[in-house]
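Asker: Pasting a predicted model and its sequence here:
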Amino acid sequence: MALFVDMNATGFSFGEEQFNRIFPFYIQFDSDFKVTSIGRSMAKMLLAGVGTNLFDSLNVIHPKLKITDFHALKGIGNQIVLLNLKSDPRNILRGQLEYIDSSNQLLFVGTPWVISMDDIKEKNLSLNDFAKHDPLIDQLNILKAQELATNDIKKMLQVANEQKNAIKYSEHLWKFALEGNGDGIWQYEINSEEGLFFPPFKKALGYQLEDDFGYAQWKEALHPGDLEKINEAFDSYLKGDSRQFMVEHRLRHKNGNYKYFVARGIIVDWDERGLPLMVIGTITDIDQQKQLELQIKETANRLSYLIENLHSGVIVENKDRKIILANEQFCKIFGIRISPQQLIGKDFTGIIEAGRVLFSEPAEFTERVYEILEQKNIALHETLELKDGRYLERNYVPIFLDGNYEGHLWNFEDVTEKILAEQRLEKQKKFYENVLNNIPE
């Protein structure tokens, strides 16, 4: 039977089910390294169970031990311990060991070292296998949202490049209108307000080649919200304020849905007074590109909402060290008296230098920040002590797109209550150990 936290003298105890919920990645073993109890998530990851030998499945990779015996493991109880799976050394567990005096056993409590949602799947795990309080969940949700946004941006850029090439090509297609070439060719007689659209454009709106579709039908299909914009762009072009007429607008498809188009045109005929008579141009279907833009905007809004409502302070910088996103909790933690929106565009270096005075070891704080930025490697769960008695946990995640460094994300979480609780528990533990050690036999 496994021995779990039991402090009956203080009225504080955990049962096995409770302990599993709080620390699902634990493993308890005796002096012969025989596993006496194992968390459900740990068992799922190791594919091991009670009665097996600990070192049949795991290696201790940090701290380095000359001799891996029970006594040596007892001596690293106040250090970060890294274990990896013998079956796959890339699978690493990060945690700490605690000695259980009453049963002469050791208890390892930790969590897998993962950097993405795909990494969780590769370890045969899911988010439900982690404790609800595990800050890694928030980090992974941010990374997943970032991954979705990155994929959307890639798709948008690909379509944008395709559309750019199509538009560049279509500018010349009006010359071949009578031959039926081009995405969409149109002409408009200014004085008579009569227009003509050539066959390829009709298909984009769901009409047959033989269907009538002129200026009147185009105006009827135009989205009411775009009429003023088109009139302003056309008047500006006729006055000579722009080199060509170009405007995005929405047209109603025959099925009733609106699609996005971009129209371009140039004056090709003038009267004897030099006044324009006819405009001819191209019209291109950009609905796919616009839908991607809207999806990316929605994804960005979801990511911003997630960050803004996290209980930890988050700040995102681009590769030039300029802030592109921050939340209210970050300002609160660092005592910044301006809003997160006012931080956008500012150099994060100035904030680091100003904020260093908050920390117990200012020089060490800034030195480590610059070291992290230089290395551009993920840095997680670093504890920082502030002069006012608070403790922060710092996490750093670099952002790479197609192998190119584009910026990074900082996450600062106030873990004061957690640290102080651990300190109180440690103090209580030492007190009771001292009491027990001084009881006369």
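Answerer: Good, I have the coordinates. Numbering: from 1, shown residues only.

Asker: When you work out contacts or count neighbours from here on, use the C-alpha atoms and nothing else.
Answerer: Noted.

Asker: pLDDT (mean, whole number) over the longest strand along the chain?
Answerer: If you go by DSSP state E, the chain has its longest strand at strand 258-270. Model confidence over strand 258-270, given as mean pLDDT, is 88.

Asker: Identify each buried residue in that strand, please.
Answerer: 258-267 (16 or more other CA atoms under 10 Å).

Asker: Nearest to L420, out of these: which one, please.
Answerer: Looking at the buried residues of strand 258-270 and their distance to L420, the nearest is Y260, at 58.0 Å (CA to CA).

Asker: can you give me the helices for the protein?
Answerer: Using DSSP state H, the helices of the chain run over 16-22, 40-46, 70-74, 117-122, 136-170, 199-204, 215-221, 227-238, 287-308, 328-333, 340-343, 348-355, 362-375, 416-437.

Asker: hmm, back to that, need the buried residues of strand 258-270 in JSON lines with distance to I336, can you?
Answerer: As requested, the buried residues of strand 258-270 are exported to JSON lines (distance: CA to CA, whole Å):
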{"residue": "Y258", "distance to I336": "46"}
{"residue": "K259", "distance to I336": "45"}
{"residue": "Y260", "distance to I336": "43"}
{"residue": "F261", "distance to I336": "45"}
{"residue": "V262", "distance to I336": "45"}
{"residue": "A263", "distance to I336": "48"}
{"residue": "R264", "distance to I336": "48"}
{"residue": "G265", "distance to I336": "51"}
{"residue": "I266", "distance to I336": "53"}
{"residue": "I267", "distance to I336": "56"}
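
Asker: ok, back up a step: could you export the longest strand of the chain as PDB, CA atoms only?
Answerer: The C-alpha coordinates for strand 258-270 follow below in PDB (Å, rounded to 0.1, in the frame of the first residue of the first chain):
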ATOM      1  CA  TYR A 258     -21.500  37.800 -51.200                       C
ATOM      2  CA  LYS A 259     -18.000  37.300 -52.700                       C
ATOM      3  CA  TYR A 260     -15.000  39.700 -52.600                       C
ATOM      4  CA  PHE A 261     -13.500  41.100 -55.800                       C
ATOM      5  CA  VAL A 262     -10.900  43.700 -56.700                       C
ATOM      6  CA  ALA A 263     -11.600  45.900 -59.700                       C
ATOM      7  CA  ARG A 264      -8.900  47.900 -61.600                       C
ATOM      8  CA  GLY A 265      -9.300  50.200 -64.500                       C
ATOM      9  CA  ILE A 266      -7.800  52.900 -66.700                       C
ATOM     10  CA  ILE A 267      -9.200  55.600 -69.000                       C
ATOM     11  CA  VAL A 268      -8.800  54.500 -72.600                       C
ATOM     12  CA  ASP A 269     -10.900  57.200 -74.400                       C
ATOM     13  CA  TRP A 270     -11.300  61.000 -74.100                       C
END
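
Asker: what helices or strands is it leaning on?
Answerer: strand 245-252, strand 276-285, helix 287-308 (3 or more CA pairs under 8 Å, 6 or more residues apart in numbering; DSSP states H and E).

Asker: Just checking: what are the partner strands of it?
Answerer: Next to strand 258-270 in the sheet, as set by DSSP bridges, lie strand 245-252 (antiparallel), strand 276-285 (antiparallel).

Asker: Which of the ones you listed sits closest to G335?
Answerer: strand 245-252 (45.0 Å).

Asker: Can you give the contact residues for the closest one?
Answerer: Strand 245-252 is contacted by residues 205, 218, 221-223, 226, 229-230, 233-234, 237, 258-266 when judged by CA atoms under 8 Å, 6 or more residues apart in numbering.

Asker: Could you pull out the buried residues of that strand?
Answerer: Neighbour-count burial for strand 245-252 flags 245-252 (criterion: 16+ other CA under 10 Å).

Asker: most tightly surrounded among the helices and strands packed on strand 258-270?
Answerer: strand 276-285 (a mean of 21; mean count of other CA atoms under 10 Å).

Asker: Just the mean pLDDT for it, thanks.
Answerer: pLDDT averaged over strand 276-285 gives 86.

Asker: and it, how far out from the chain's middle?
Answerer: With CA atoms, centre = their mean, to the nearest Å as the basis, strand 276-285 stands 43 Å off its chain's centre.

Asker: Restricting to C-alpha, output that strand in PDB.
Answerer: The C-alpha coordinates for strand 276-285 follow below in PDB (Å, rounded to 0.1, in the frame of the first residue of the first chain):
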ATOM      1  CA  PRO A 276     -12.700  60.900 -70.000                       C
ATOM      2  CA  LEU A 277     -15.300  58.900 -72.000                       C
ATOM      3  CA  MET A 278     -14.500  55.200 -71.300                       C
ATOM      4  CA  VAL A 279     -12.800  53.200 -68.600                       C
ATOM      5  CA  ILE A 280     -11.800  49.600 -69.200                       C
ATOM      6  CA  GLY A 281     -10.300  47.200 -66.700                       C
ATOM      7  CA  THR A 282     -10.100  43.900 -65.000                       C
ATOM      8  CA  ILE A 283     -12.000  42.300 -62.100                       C
ATOM      9  CA  THR A 284     -10.500  39.500 -60.000                       C
ATOM     10  CA  ASP A 285     -12.100  37.100 -57.600                       C
END
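
Asker: by how many degrees do that strand and helix 227-238 diverge?
Answerer: 130 degrees (axes from the mean of the first three to the mean of the last three CA atoms, to 10 degrees).

Asker: contacting residues around strand 276-285?
Answerer: 167, 170-171, 173-174, 183-191, 201, 204, 238, 259-271.

Asker: That one to helix 136-170, inter-axis angle?
Answerer: Taking the same axes, to 10 degrees, strand 276-285 and helix 136-170 form an angle of 140 degrees between their directions.

Asker: contacting residues for E194?
Answerer: 188, 214-216.

Asker: Save these as JSON lines, and put in pLDDT and distance to V159 too.
Answerer: Below are those laid out as JSON lines (pLDDT from 0 to 100; distance: CA to CA, whole Å):
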{"residue": "Y188", "pLDDT": "85", "distance to V159": "29"}
{"residue": "G214", "pLDDT": "78", "distance to V159": "29"}
{"residue": "Y215", "pLDDT": "81", "distance to V159": "29"}
{"residue": "A216", "pLDDT": "83", "distance to V159": "31"}
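
Asker: so which two of these are the farthest from each other?
Answerer: That would be Y188 and A216, which, of the contacts of E194, are the farthest apart (CA to CA) at 11.4 Å.

Asker: shared neighbours of the two, which are they?
Answerer: Counting by CA under 8 Å, 6+ apart, the shared contacts of Y188 and A216 are 194-195.
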